[in-house]
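1. Fold the following and give me the result.
(4 chains)
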2 protein chains.
Amino acid sequence: MLQTVQRAAQVLRLFTPEQPEWGVTEVAAALRLPKSGAHSLLSTLASEGLLQRTPGGRYRLGWSLFEHSQTLLETTDFLLIARRMMEQLVAGWGETTHLAVLIDGQVLYVEKLQGDRALEIVLSRVGKRLPAHCSGVGKVLLAHRPWEEVVAIVERQGLPAFTPNTITTIDRLRVELEEVRLQGFAYDQEEVMVGLCCVAAPIRDESGQVIAAMSLSVPAYRFYPYRQRLTTAVIEAARHVSTQLGYYGEEPEWTSVKRSRSRSSARATSVRT
Amino acid sequence: MLQTVQRAAQVLRLFTPEQPEWGVTEVAAALRLPKSGAHSLLSTLASEGLLQRTPGGRYRLGWSLFEHSQTLLETTDFLLIARRMMEQLVAGWGETTHLAVLIDGQVLYVEKLQGDRALEIVLSRVGKRLPAHCSGVGKVLLAHRPWEEVVAIVERQGLPAFTPNTITTIDRLRVELEEVRLQGFAYDQEEVMVGLCCVAAPIRDESGQVIAAMSLSVPAYRFYPYRQRLTTAVIEAARHVSTQLGYYGEEPEWTSVKRSRSRSSARATSVRT
DNA sequence: CGCTGCTGTTCACAATAGCTGAACGATGGT
DNA sequence: ACCATCGTTCAGCTATTGTGAACAGCAGCG
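-> A predicted model of the protein is given here:
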């Protein structure tokens, strides 16, 4: 593990919507580095376009990140397909849909389409992370990871409560995830925000791996009456995306390893290092 | 300059829409590194989320890049404002508008809105770079950089010709840029694509620095009849953005660089329309 | 107007992080 | 069942990077 690269990544992570601009001294203080070291990192990152120097000698995120992000989006197969299905969902229900992936044990919202009938959901924002245990998409994504990985995530990040309904114990989470895996979808019953429910379903690639999750978020009072129909709508939409990605089988999953050049040993066997 | 960080950035740059997936050996060959070195880079980048490991042990760009890109976009003041003006331009003319910044001597398209009357412009794509000397936005951006910098850029990248109209000599470029700077806008008269013209104007921040350029792209046969009106439309749109960013003065420019050490300051979001 | 407190930047030296090349283990193709 | 090729690991040497103090520029204040 290259320490210098790790530090550079740490530097990038400092830049947030709340503090989008950093100076050398601030970075040095935040990362417990000598000023000169922070300066090296910042200036090389800037010369590579990953940061940009402001006229005042401070630093902001650079446009190379936007470039790379665009190539990522353009080459992510499920995005375009999922977006089409999301548009149909919004057109049909007028509610808000989310598309999310699991990264580092958290949910990252990749796309969000808001319906005309929908209330503004402030918590979710494209490009934002949220804990996975409380949302529909999060539970879907967690449910299809090996249990040991889920345990590791929970040990690292805990199970913070957002509402009285949020799952806060690992036992409850285990039961819930099993259910989600068996039935093929997840509900969020006001677990992240009071008054807000959602249904989420998994998106699979051709190998059966769950690579993303799609959801429909609905105000509670409109959710319960239509729950059944909402559920099938989301499931079918997600299924349709998976099919277009080349997924036909039922449940290959990571159990019977038939993947190409799979290095599953690192994940399946035991905890490494 | 931290060599390791530079190499890491080089690795990221390898990932393109044409080749979005790389293996250790390929990277090693492309960068003339020993396999083990390439492996170090790839695996640490992956562990930081800047890359992701595919099940086959190969690598793709990681979602952290998307995250960082989003925070960049959200904290870039001119984007939201410019987007509104671009929508008005498209609504009024039905043509295609571009928003671009200068990065590394090249034009990077940040936003593109296509009008219903417009023909598909394949060359420009959000997130894509193009040489600066041939497009309207490029000439605007170059015109407001110190001449020595322009010379350095040309020496590094040359003046590749796209059409018979493309500027291919540094003398011609100097004259053109002077004109652009004086008149406050730039034309592209079929210099990047035969049959396509455009008008571009600069967007300035509160210090007068040109930070971006906006343009209207129009088929040649529709461009010349309406040139005057198109020009004023783009100029006024860009001017409006600059004003909302806090630009009042005339031409502070980079002569007498008053480097405001102002921190995030009061965001330029002065008034909402 | 010239202080003083901050910035970001530069430099030499010391030591540690990382580059190197070969050997490993596992995969897919023949 | 083989071989070719891939990603991964390891231990040693070299060069890169971390270090801390001194430098230069700007803002604000007296």
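2. May I see the buried residues of stretch A:113-129?
-> Under the neighbour-count criterion of 16 or more other C-beta atoms under 10 Å in any protein chain shown, stretch A:113-129 has A:113-115, A:118, A:121, A:124, A:126-129 buried. Where C-beta positions appear, they are placed from N, C-alpha and C, glycine not excepted.
3. So for those, which is the shakiest by pLDDT?
-> In terms of pLDDT, the lowest of the buried residues of stretch A:113-129 is A:Ala118, showing 76.
4. element containing the residue of chain A found nearest DNA strand D, please.
-> Going by C-beta to the nearest atom of the strand, DNA strand D is nearest to A:Ser36 of chain A, at 3.0 Å. Here A:Ser36 is covered by helix A:35-47, with elements defined by DSSP states H and E.
5. what about whichever helix or strand comes after that helix, distance to the chain center?
-> Next helix or strand after helix A:35-47 toward the C-terminus (DSSP H and E): strand A:51-53. Mean-position distance between strand A:51-53 and its chain equals 27 Å (C-alpha atoms, centre = their mean, to the nearest Å).
6. Output the set of residues of the stretch 51-200 of chain A in proximity to DNA strand C.
-> Proximity of the stretch 51-200 of chain A to DNA strand C, by C-beta under 7 Å from any atom of the strand, involves residues A:53, A:57-58.
7. Go through those residues and say which is closest to B:Leu65.
-> Taking C-beta to C-beta as the measure, A:Arg53 is the one of these closest to B:Leu65, at 20.3 Å.
8. what number of residues lie near that closest one?
-> Number of residues near A:Arg53 (other C-beta atoms under 10 Å in any protein chain shown) recorded here: 15.
9. got a list of what it touches?
-> A:43, A:46, A:59 (C-beta atoms under 8 Å, 6 or more residues apart in numbering or on different chains).
10. The last one pairs with what?
-> Each beta-bridge partner of A:Tyr59 is listed here, defined by DSSP bridges: A:Trp22, A:Arg53.
11. hmm, the helix or strand hosting A:Val137 touching chain B?
-> For A:Val137, the host element (DSSP H and E) is helix A:136-143. No: figure legend: helix A:136-143 not in contact with chain B (C-beta under 8 Å from any C-beta of the partner chain); closest approach 12.5 Å.
12. next SSE after that helix?
-> helix A:147-157.
13. State the mean pLDDT of that next one.
-> So the average pLDDT for helix A:147-157 ends up being 93.
14. In that helix, which residues are buried?
-> Buried residues in helix A:147-157 (16+ other C-beta under 10 Å): A:150, A:153-154.
15. between that helix and helix A:136-143, how many degrees?
-> 130 degrees (axes from the mean of the first three to the mean of the last three C-alpha atoms, to 10 degrees).
16. What separation is there between A:Pro17 and B:Val122?
-> 34 Å (C-beta to C-beta, to the nearest Å).
17. er, A:Ser215 I mean
-> Taking C-beta to C-beta, one finds A:Ser215 at 35 Å from B:Val122.
18. in stretch A:84-101, what counts as buried?
-> A:85-86, A:89-90, A:93, A:95-101.
19. near chain B, from the residues you listed?
-> A:Val101.
20. and A:Cys197, that's in a strand?
-> Yes: under DSSP: H, G, I helix; E, B strand; the rest coil, A:Cys197 falls within a strand.
21. If we only consider the contacts of A:Arg53, which is nearest to DNA strand C?
-> Of the contacts of A:Arg53, the one sitting nearest to DNA strand C (C-beta to the nearest atom of the strand) turns out to be A:Ser43, at 5.5 Å.
22. What strand or helix carries the nearest residue in space to the closest one that is not next to it in sequence?
-> Spatially, and ignoring its direct neighbours in sequence, A:Ser43 is nearest to B:Met1 (7.3 Å; C-beta to C-beta, 6 or more residues apart in numbering or on different chains). Secondary structure assignment for B:Met1, by DSSP H and E: no helix or strand.
23. what's the burial count for B:Met1?
-> 9.
24. That one against A:Ser47, yeah?
-> Yes: with contact defined as C-beta atoms under 8 Å, B:Met1 reaches A:Ser47; the gap is 6.7 Å.
25. In contact with A:Leu51: list those residues for me.
-> A:11-12, A:15, A:42, A:45, A:59-62.
26. Generate the ChimeraX command that creates a selection of the buried members of these.
-> What follows is the ChimeraX syntax for the buried subset of the contacts of A:Leu51, where burial is set by 16+ other C-beta under 10 Å:
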select /A:11,12,15,42,45,59,60,61,62
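27. Check the contacts of A:Leu51 against DNA strand C and report the nearest one.
-> Closest to DNA strand C, out of all of the contacts of A:Leu51 and judged by C-beta to the nearest atom of the strand, is A:Leu42, at 6.1 Å.
28. Report pLDDT for the closest residue to the closest one other than its chain neighbours.
-> Distances taken as C-beta to C-beta, 6+ apart put A:Tyr59 closest to A:Leu42, at 5.2 Å, once the chain neighbours are dropped. A:Tyr59 is assigned 96 on the pLDDT scale.
29. burial measure for the residue of chain A found nearest DNA strand C, as a count.
-> At 1.9 Å from DNA strand C, A:Gly23 is the closest residue in chain A, using C-beta to the nearest atom of the strand. Neighbour count for A:Gly23, taken as other C-beta under 10 Å: 19.
30. again, but for A:Glu18
-> 8.
31. A:Pro160 reaches A:Leu130, doesn't it?
-> No: the criterion here is C-beta under 8 Å, and A:Pro160 misses it with A:Leu130 at 10.1 Å.
32. Which one's more surrounded, those two?
-> A:Leu130 (19 against 10).
33. Only alpha carbons, please: show stretch A:186-200 as CSV.
-> Taking Å, rounded to 0.1, in the frame of the first residue of the first chain, the C-alpha atoms of stretch A:186-200 are listed here in CSV:
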residue,chain,number,x,y,z
ALA,A,186,-36.6,-4.4,0.7
TYR,A,187,-39.0,-2.0,2.4
ASP,A,188,-37.9,1.1,4.2
GLN,A,189,-40.8,1.8,6.6
GLU,A,190,-39.9,5.3,7.9
GLU,A,191,-36.5,4.1,9.0
VAL,A,192,-34.5,7.1,7.6
MET,A,193,-37.2,9.8,7.8
VAL,A,194,-40.5,9.9,9.6
GLY,A,195,-43.3,9.8,7.0
LEU,A,196,-41.2,8.4,4.2
CYS,A,197,-41.3,4.8,3.0
CYS,A,198,-39.7,3.1,0.0
VAL,A,199,-39.4,-0.1,-1.9
ALA,A,200,-36.1,-1.2,-3.4
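34. ok, and what's touching it?
-> Contacts for stretch A:186-200 (C-beta under 8 Å, 6+ apart): A:98, A:121, A:123, A:130, A:134-137, A:139-140, A:143, A:162-167, A:176, A:180, A:185, A:201, A:213-221, A:223-224, A:227, A:230-231, A:234.
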